[in-house]
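K.L.:
what's the 3D shape of this:
(4 chains)
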There are 2 protein chains.
Amino acid sequence: MHDVAAAAGVSQATVSLVLNSASGSRFSEDTRKRVRDAVDRLGYRTNAHAKVLREGVAGMIGFIGDSVATTPFAGAIIEGAQQRAWEDGLLLLSVNTGGDRQLEAASLDTMLSYKVAGVVYAAMYHRRLEVPEALAGVRSVVLNSQDRAGRVPSVAPDEVKGGYAATSRLLEAGHTRVGMVNIETLESGLPAAVGRYEGYCAALEEAGLDVDLSLVRFGKGGEEDGYKYAMELLTSGNPPTAIFCANDRGAWGAYQAVSDLRLSIPGDVSIVGFDNQATLAPFLRPGLTTFELPFVAMGRRAVELILQDAEPDGRVELMDCPLIERNSVTHPKEMP
Amino acid sequence: MHDVAAAAGVSQATVSLVLNSASGSRFSEDTRKRVRDAVDRLGYRTNAHAKVLREGVAGMIGFIGDSVATTPFAGAIIEGAQQRAWEDGLLLLSVNTGGDRQLEAASLDTMLSYKVAGVVYAAMYHRRLEVPEALAGVRSVVLNSQDRAGRVPSVAPDEVKGGYAATSRLLEAGHTRVGMVNIETLESGLPAAVGRYEGYCAALEEAGLDVDLSLVRFGKGGEEDGYKYAMELLTSGNPPTAIFCANDRGAWGAYQAVSDLRLSIPGDVSIVGFDNQATLAPFLRPGLTTFELPFVAMGRRAVELILQDAEPDGRVELMDCPLIERNSVTHPKEMP
DNA sequence: CATCAGAAGTTATACGAATAACCAATGAGT
DNA sequence: ACTCATTGGTTATTCGTATAACTTCTGATG
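P.N.:
Predicted structure coming up:
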């Protein structure tokens, strides 16, 4: 900057003021032009660290993921966060800890020493977790999970509403016997499993239907269980005409079961999935009607909470899971 | 740091020296202890910006991806880069540009103003690309692609060797009629398509076999083409006993074709894929034998090149694609 | 004519750490 | 007694920017 000042024949302060005062017309047009020319000629670029040193806070937001980058869905989460940050000219300083608490603490420490404007603490899957202590020292948001202690604001998908919407989609198509293959037991406490089931029940009740436990199965989220439990449901005495699979992998298993039974989707049985897994859901035949975890929107929202002025509270913000309509749902077959 | 110095009853310089001189025993044990106690008591954390300001280079590496985070495979690339960076105590300052050259330039500019130690320029898929001019100003590496101008060093998968290894795997199992369903035409110039085909030819020739063009098809990389061309090959007069599908999605299509023909894998036809797509290859039945793009290793290597002392040249470093053995390959059936 | 307002800059300082250069005290060697 | 090395520190300066506070000049005004 001193070089620029010398080249333009002014003082360093003048350069700084010309460059930063948005429109404060304190200088003559001539001087401003000389400064800008010198900047261009010398290829001057401001030193961000000197700026931060003076101003106390950096144009960076820390992003700590327990392994977000490697899980196929959730890359979108970091993408959303980054997009939103960049809209305010900020960059993401990111780390995947792989769940290593020590790495987590160390990298958080480094981030803080870089005076990040805030920290997004993102989890690979929706759960209740303990945040590292050092987070208390900065503005922070828990993403795709919830702070168990309830101190840090959180952003997570609305599983209940998602389960409700998925089930409603089938009920509205006219189904009255709607099965569910869940991804975990309720005792697991997994918000996705508990919430989607709760939504399933709520939708049935609202439609005046009882929850028939013979139509509900609890697997482990893999396609093997999807296959196994869909098979059980469809070969039972009084099979469902539609199945809500609480994740797409389970739905894939269900597809295979339906195929092995020489039935067809959606003619004989309608299927709704959950997750909109990019490498799976669009490629099944027929395309899987499913619900999307709003990763991009969640990432954006988390950064937004960091950026906003209002003092944060420990509130959990739940975000809608949009329906992705494809071709695995239709009306139930008329009974013979 | 002044506060710490005051609390410990020493000068700021002493604190700095005690904290940084690894073992330089210039101070009494007593003083050092007082300093460390004060640091703990006050929860002092060094200001990274002040340090960078003095030293000229930051403990950060820029990572620019054209949309790495959202593509399901390549999250691993950023993971590898970050891992390696952290081993040297560096963090990644990352941006996904979504291919927007303007955003790319702007974010690169910001990164440079943060005095990053280097920049990794990562592409979503392997190709030849033009790097932004500003990259010339820093140490940089092109990742998962190659600098067309040949100035910036590049790290990319060894497609030829991959295609060679895939084909060899089938030849070694005893197959002599090995088909290939490619992901693109050769005219596309796509290194993955061109290289894997070249490797396929090389392996055949080395085994003393001619390349039989009636066994080769060029699709668009989707499962529809995988289905269509596998079907063509298998229903031809003299079908192959094994097919090398140049990507896993194509292999999935081939699986469906085989299934529709009431044949079995690997009994009637062996299949080898490419990509080891995490949400697909392990879940096919039988599990797909395939090759992995070494994303983590590539990410690591790119950062390593940035970190190393030697002056870089524009060399392209090709990395091996490891075989992921599952159950889709066996000996050919004896002819009746 | 004295005064005052505004325009157009400049000077000086602070941010936090690293380090070269300096200083004071002690004890050993001659 | 004098020199000199060693130990254990301190002082002063630098990195690059932002900005509060000051200066100087030019017209305009009462």
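K.L.:
in the stretch 101-250 of chain A, which spans are helices?
P.N.:
For the stretch 101-250 of chain A, the helices defined by DSSP state H, counting those that start in this stretch cover A:101-113, A:159-172, A:191-206, A:223-234, A:248-260.
K.L.:
and of those, who's closest to DNA strand D?
P.N.:
helix A:101-113 (15.7 Å; CB to the nearest atom of the strand). For the C-beta atoms, the positions are set from N, CA and C on the backbone; glycine is no exception.
K.L.:
list the helices and strands that closest one packs on?
P.N.:
Counting by 3 or more CB pairs under 8 Å, 6 or more residues apart in numbering or on different chains; DSSP states H and E, the packing neighbours recorded for helix A:101-113 are strand A:60-65, strand A:91-96, strand B:91-96.
K.L.:
contacts for the last one?
P.N.:
When you say that, I think you mean strand B:91-96. Residues outside strand B:91-96 that contact it (CB atoms under 8 Å, 6 or more residues apart in numbering or on different chains) are A:60, A:78-79, A:82-83, A:86, A:91-95, A:107, A:110-111, A:114, B:59-70, B:78, B:81-82, B:85, B:103-104, B:107, B:111, B:114, B:116.
K.L.:
how about a cut-off of 6 Å?
P.N.:
With CB atoms under 6 Å, 6 or more residues apart in numbering or on different chains as the test, strand B:91-96 has contacts from A:79, A:82, A:91-94, A:110, B:60-65, B:67, B:69, B:82, B:85, B:107, B:111.
K.L.:
got a list of what the nearest residue to residue A:249 once chain neighbours are set aside touches?
P.N.:
Nearest-residue entry for residue A:249: residue A:223, 4.9 Å, with adjacent residues in sequence omitted and distances by CB to CB, 6 or more residues apart in numbering or on different chains. By CB under 6 Å, 6+ apart, the contact set of residue A:223 is A:249, A:252-253, B:283.
K.L.:
between these, which sits nearest residue B:219?
P.N.:
Proximity of these to residue B:219 (CB to CB) peaks at residue B:283, which lies at 21.9 Å.
K.L.:
how much space separates the closest one from DNA strand D?
P.N.:
53 Å (CB to the nearest atom of the strand, to the nearest Å).
K.L.:
got the contact list for that residue?
P.N.:
The contact partners of residue B:283, taken as CB under 6 Å, 6+ apart, are residue A:223.
K.L.:
now the helices of the stretch 101-250 of chain A in CSV, with mean pLDDT and distance to DNA strand D?
P.N.:
Formatted as CSV, the helices of the stretch 101-250 of chain A follow (pLDDT from 0 to 100; distance: least, CB to the nearest atom of the strand, whole Å):
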stretch, mean pLDDT, distance to DNA strand D
helix A:101-113, 96, 16
helix A:159-172, 98, 45
helix A:191-206, 98, 44
helix A:223-234, 96, 55
helix A:248-260, 95, 49
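K.L.:
redo the ones you listed as CSV? Include distance to residue B:232.
P.N.:
What follows is those, written out as CSV (distance: least, CB to CB, whole Å):
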stretch, distance to residue B:232
helix A:101-113, 51
helix A:159-172, 38
helix A:191-206, 42
helix A:223-234, 29
helix A:248-260, 23
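K.L.:
using a markdown table, lay out those together with distance to DNA strand C.
P.N.:
Shown next, in a markdown table, are the helices of the stretch 101-250 of chain A (distance: least, CB to the nearest atom of the strand, whole Å):
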| stretch | distance to DNA strand C |
| --- | --- |
| helix A:101-113 | 8 |
| helix A:159-172 | 44 |
| helix A:191-206 | 40 |
| helix A:223-234 | 53 |
| helix A:248-260 | 49 |
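K.L.:
sorry, back to before: buried subset of the contacts of strand B:91-96?
P.N.:
A:79, A:82, A:91-94, A:110, B:60-65, B:67, B:69, B:82, B:85, B:107, B:111 (16 or more other CB atoms under 10 Å in any protein chain shown).
K.L.:
tell me the confidence at the residue nearest to the spatial centre of chain A?
P.N.:
When CA atoms, centre = their mean is applied to chain A, the residue found nearest the centroid is residue A:295 (2.5 Å). Per-residue confidence at residue A:295 stands at 94 (pLDDT).
K.L.:
just the element for the nearest residue to it once chain neighbours are set aside, please.
P.N.:
Leaving aside its sequence neighbours, residue A:295 sits nearest to residue A:76 (CB to CB, 6+ apart; 3.7 Å). Assessed by DSSP states H and E, residue A:76 sits inside helix A:75-87.
K.L.:
packing partners for that helix?
P.N.:
Contact partners of helix A:75-87 among helices and strands, from 3 or more CB pairs under 6 Å, 6 or more residues apart in numbering or on different chains; DSSP states H and E: helix A:295-307.
K.L.:
spit out the contact partners of residue A:103.
P.N.:
Residue A:103 neighbours (CB under 6 Å, 6+ apart): residue A:97.
K.L.:
count the residues that sit near the nearest residue to residue A:107 once chain neighbours are set aside.
P.N.:
Distance criterion CB to CB, 6+ apart; nearest residue to residue A:107, sequence neighbours excluded, is residue A:95 at 4.2 Å. By other CB atoms under 10 Å in any protein chain shown, 24 other residues sit near residue A:95.
K.L.:
I'd like to know how far the nearest residue to residue A:47 once chain neighbours are set aside sits from residue B:62.
P.N.:
Closest residue in space to residue A:47, ignoring its immediate chain neighbours: residue B:113 at 6.5 Å, by CB to CB, 6+ apart. Between residue B:113 and residue B:62 the computed distance is 11 Å (CB to CB, to the nearest Å).
K.L.:
what about the stretch 51-200 of chain A, any weak spots by pLDDT?
P.N.:
A:68-70, A:72-73 (pLDDT under 70).
K.L.:
show me what from it comes close to DNA strand D.
P.N.:
A:51, A:53-55 (CB under 7 Å from any atom of the strand).
K.L.:
out of those, which are close to DNA strand C?
P.N.:
Within the set of these, contact with DNA strand C (CB under 7 Å from any atom of the strand) is found for A:53-54.
K.L.:
ok, the residue in the stretch 201-336 of chain A that DNA strand C sits nearest to - contacts?
P.N.:
Closest approach between the stretch 201-336 of chain A and DNA strand C, counting by CB to the nearest atom of the strand: residue A:306, at 21.4 Å. Listed by CB under 6 Å, 6+ apart, the contact set of residue A:306 reads A:118, A:139, A:141.
K.L.:
let's see 10 Å
P.N.:
By CB atoms under 10 Å, 6 or more residues apart in numbering or on different chains, residue A:306 lies in contact with A:61-62, A:81, A:84-85, A:88, A:90, A:116-120, A:138-141, A:153, A:312.
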